[in-house]
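Colleague: Structure for this input, please:
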Amino acid sequence: MLLAVDGNSLLHRAYHAAPIGKLVDGADRPVWALHGLVLSIARAAAKIRPDAVVVGFDCPHESARRVVYPAYKAHRPDKPADLTAQLATAPDLLRAAGLCVVTPTAYEADDVLASSAEQARRAGWHSILVTSDRDAFALLDSTTSVLRIRNGGFDEAVVVTPESLADVYGVTPGQYRDYAALRGDPSDNLHGVRGFGSATAARLLAAFGSVDAAWSAWDDGRAEAVRGAVGDRAATNFGTPEAREVVDRNRRIMAMNHDLSIPALDGIRLPLDLAVMRRALSGHGISLGPSLWALTGRADPNGAESAGGPAAFVPNQWRRRNRRDPIPGQLALF
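Modeller: Here you go, the predicted model:
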C-alpha cells in the first residue's frame, strides 16, 4: 500500500486551521502549518497503515500549465509571508525527517499523485491519494482510492472509490475530466461552458458517455438529443465554437502528468527512523513522538489491530444526502 500525499493541500489546510494556535520556534519562525502537515501525514499513516509514503509539492518557480494558459491561477492573491515561509521549508524538513518528497520542475502535487498511482499500479501495489483537491477523482480505479480532506479536517475525511464517485457525482473516473472541464474550476481561474453546472454536466455524460461523443451527435444533426439531455440553454451554448475552446483548454490544463520520476517503491518502504524524525522536527521547534508510531514501525499505542490490507479502508457507500447528516464513508482518525 502506497500513501501519496498532496503536501501543498495539507499544509494550506493546517495553516488556516491552526488548531493549536500559531506555533513558532525558538527563532520566532512560524511552524504551525509544518506541525499540522507532519501530524496529518502521521494520522493518515495510522489509519491506512501504508508500506511506503510519498509527499508531493508544487514547483514554486515554474508552471507548465501557466505556459499553456497564462491566466491559470492568476486571480489568486499573494500568499501571506508566514505561509510562503512554511511552504518553502516543508519539502526539506520532510526529507530531513526521512520521508520521500517529490517537487517536480514545472509541475504540481497533483502530478506527483498521478505518477505515484501509476507507479503503484505497475508494481502491483494499491494506493491511497490524500488531498482536498477533487481533480484526483480522475485517478480512481480498482487499485487507487482518494482520501479526501474536507472542511473539518480528518474527522470529516472520506475515502472515495469509483463506486462512491458514481453514486455522488453521477460520473465514472474516466468521465471526471470531461465533467470538470464542462463545469469549470473557479479556484484555478478556469471558467466552464455557460449553462453547465455539476448536474447538467453529469446529465450530458450519462446520455453520451463523453463530451466528444456529444459533439459528434451535434455535428451529425442530432442536436435535439443534446437538448433533450441538458435543456435548450445549455445545449445552445454547448454547440458554439467558444464552448469547444473552453472544454479543450480545460481538459489540457486539468490533465495530470503520469510520467514523473518517482523513486522505486521498494526503496522507500517504511519504517522511518524515529530518532531521525524527532531530530529534524525539533530543529524547527516541533515536538512529536508517540503520534509518529505508524511511520516508524512501532505498535499502536491504542492497541488496535493492523489494518490488514486494502479492503480495510474501503468505506460503506458515500451517498448523496442532507449535508448535515453523517456520511457513512467518514473517517474519524483518532
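Colleague: Next, count neighbours for the spatially closest residue to Asp300 that is not a sequence neighbour.
Modeller: Distance criterion C-beta to C-beta, 6 or more residues apart in numbering; nearest residue to Asp300, sequence neighbours excluded, is Trp293 at 6.4 Å. To be clear about C-beta, it is placed using only N, CA and C from the backbone, and glycine gets the same treatment. Trp293: 18 surrounding residues under other C-beta atoms under 10 Å.
Colleague: Over to the one 5 residues further on?
Modeller: For Arg298, the count of nearby residues is 13 (other C-beta under 10 Å).
Colleague: Equivalent analysis for His191, please.
Modeller: Once other C-beta under 10 Å is used to define contacts, His191 is seen to have 14 neighbours.
Colleague: That one reaches Val246, doesn't it?
Modeller: Yes. Contact status for His191 versus Val246: in contact at 6.9 Å, counting by C-beta atoms under 8 Å.
Colleague: which residues do the two both contact?
Modeller: Common contact partners of His191 and Val246 (C-beta atoms under 8 Å, 6 or more residues apart in numbering): Gly184.
Colleague: who's in contact with Ser63?
Modeller: 72-73, 106, 108.
Colleague: Output the below-cut-off pLDDT ranges for the stretch 151-300 of the chain.
Modeller: Under the criterion pLDDT under 70, no range of the stretch 151-300 of the chain is flagged.
Colleague: Please enumerate the helices of the stretch 201-334 of the chain.
Modeller: Assigned helices in the stretch 201-334 of the chain, in chain order: 211-219, 223-230, 232-238, 241-254, 274-282 (criterion: DSSP state H, counting those that start in this stretch).
Colleague: will you turn the ones you listed into a markdown table that also has distance to Ala120 and mean neighbour count?
Modeller: Formatted as a markdown table, these follow (distance: least, C-beta to C-beta, whole Å; neighbours: other C-beta atoms under 10 Å):
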| stretch | distance to Ala120 | mean neighbour count |
| --- | --- | --- |
| helix 211-219 | 29 | 16 |
| helix 223-230 | 36 | 17 |
| helix 232-238 | 37 | 18 |
| helix 241-254 | 21 | 16 |
| helix 274-282 | 23 | 16 |
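Colleague: closest to Leu39 out of the ones you listed?
Modeller: In this view, the helices of the stretch 201-334 of the chain are compared for proximity to Leu39 by C-beta to C-beta, and helix 274-282 is the closest at 10.3 Å.
Colleague: Just the CA trace of the closest one, in CSV.
Modeller: Below are the C-alpha coordinates for helix 274-282, written out as CSV (Å, rounded to 0.1, in the frame of the first residue of the first chain):
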residue,chain,number,x,y,z
LEU,A,274,12.1,7.8,15.0
ALA,A,275,15.3,9.4,16.2
VAL,A,276,16.0,11.0,12.8
MET,A,277,12.4,12.2,12.6
ARG,A,278,12.4,13.8,16.0
ARG,A,279,15.8,15.4,15.5
ALA,A,280,14.6,17.0,12.2
LEU,A,281,11.4,18.2,13.7
SER,A,282,12.9,19.5,16.9
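Colleague: neighbouring contacts of it?
Modeller: Residues from elsewhere that reach helix 274-282 (C-beta under 8 Å, 6+ apart): 38, 93, 96-98, 287-289, 292, 295-296, 298.
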